[in-house]
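**Q** no FASTA, just this:
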């Protein structure tokens with residue numbers, strides 16, 4: 001089975017991730033709740049986040065930076081990404097379940113292609129697929145604890161759960177282009193939204209983060 005086929009299949013169906021997610025939902029549902037929710041990266045004041053104490057930014061790829069499974073940046077985000085890099089020089093990276101994940105990108109070709117298309121921003125190579133895995137690889141890249149890093153992504157079950165369980169400040173964005181996603185992913189999104197809506201009605205709170213109150217001031221157009 002080729003790496004490209006495994007990548008395509010794995011992005012549509014992730015049984016290990018499903019089992020992990022069910023376990024978290026039953027035992028720690030607050031991990032699904034982001035600290036902040038925004039429309040997209042343009043709602044984030046990157047310079048302000050730096051001023052309140054954050055030292056780096058970790059970005060998801062598909063439907064956060066790019067349309068699903070494409071390598072090029074979503075054009076309306078160009079200015080925001082540039083501002084992010086200016087606020088955090090050398091401290092912005094992509095952590096994706098496609099590019100850089102060794103199971104689907106063993107030779108790093110997807111990661112290198114993405115790096116070339118997004119102003120040289122580093123794509124972290126890693127072993128475990130979000131939401132599983134620790135943040136040791138990310139901490140080595142940034143040289144600081146995850147409590148000083150911001151995790152930005154569009155998925156509750158992957159980006160938010162991974163970020164919360166590992167101590168990041170989590171910011172959820174709305175997906176950029178739902179029409180490009182496979183049917184299975186669209187259905188999982190509906191299930192995610194149902195569960196999160198249920199927990200919000202029960203007034204479940206996100207996990208604590210020491211800089212959350214300050215971070216709220218750095219975001220406009222909260223969803």
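**A** Happy to help now that I have it. The model shown is predicted, which means the values in this text are computed figures rather than measured ones.
**Q** and residue 129, what element?
**A** Using DSSP states H and E, residue 129 sits within no helix or strand.
**Q** Run a quick neighbour tally on it.
**A** 22 (other CB atoms under 10 Å). All C-beta spots, glycine's among them, are computed from the backbone N, C-alpha and C.
**Q** nearest residue to it other than its sequence neighbours?
**A** Distances taken as CB to CB, 6 or more residues apart in numbering place residue 97 nearest to residue 129, at 5.2 Å, with adjacent residues excluded.
**Q** Was I right to think the one you found contacts residue 127?
**A** No - contact between residue 97 and residue 127 fails when scored by CB atoms under 8 Å: they sit 11.9 Å apart.
**Q** neighbour-wise, which of these two wins?
**A** Higher neighbour count among residue 97 and residue 127: residue 97, with 26 against 11, using other CB under 10 Å.
**Q** Below-threshold pLDDT in this structure: ranges please.
**A** 1-23, 25-26, 223 (pLDDT under 70).
**Q** what about the residue nearest to residue 129, distance to residue 119?
**A** Separation of residue 97 from residue 119 (CB to CB, to the nearest Å) stands at 21 Å.
**Q** Determine the three-state secondary structure at residue 200.
**A** helix (DSSP: H, G, I helix; E, B strand; the rest coil).
**Q** same check, this time on residue 158
**A** helix.
**Q** Need the nearest residue in space to it, chain neighbours excluded.
**A** The shortest distance from residue 158 to any non-neighbouring residue, by CB to CB, 6+ apart, is to residue 130 (4.3 Å).
**Q** got a list of what the residue positioned nearest the centre of the chain touches?
**A** Per CA atoms, centre = their mean, the C-alpha nearest to the average position across the chain is that of residue 153, at 2.9 Å. If you count contacts by CB atoms under 8 Å, 6 or more residues apart in numbering, residue 153 has them with 59, 60, 64, 159, 160, 163, 170, 171, 172, 173.
**Q** my read: residue 145 touches residue 136, true?
**A** No - the pair residue 145 / residue 136 is not scored as a contact, 11.1 Å apart, by CB under 8 Å.
**Q** tell me the contacts of residue 48?
**A** Contacts of residue 48 by CB under 8 Å, 6+ apart are 217, 218.
**Q** helix or strand for it, which one?
**A** Residue 48 belongs to helix 46-51, assigned by DSSP H and E.
**Q** got the buried residues for that helix?
**A** Going by neighbour count (16 or more other CB atoms under 10 Å), the buried part of helix 46-51 is 46, 48, 49, 50.
**Q** Show the subsequent helix or strand relative to that helix.
**A** Assigned by DSSP H and E, the successor of helix 46-51 is strand 56-59.
**Q** The closest residue to the residue nearest to the centre of the chain other than its chain neighbours and residue 90: what is the separation?
**A** With CB to CB, 6+ apart as the criterion, residue 153 has its nearest non-adjacent residue at 2.5 Å, and that residue is residue 159. Going from residue 159 to residue 90 by CB to CB gives 22 Å.
**Q** Looking at these two, which one has more neighbours?
**A** residue 159 (28 against 10).
**Q** Hmm, that one is touching residue 97, no?
**A** No - when contacts are counted by CB under 8 Å, residue 159 is not listed as touching residue 97 (9.2 Å).
**Q** Pull up the overlap in contacts between the two.
**A** residue 130.
**Q** and residue 141, what does it touch?
**A** 93, 122, 124.
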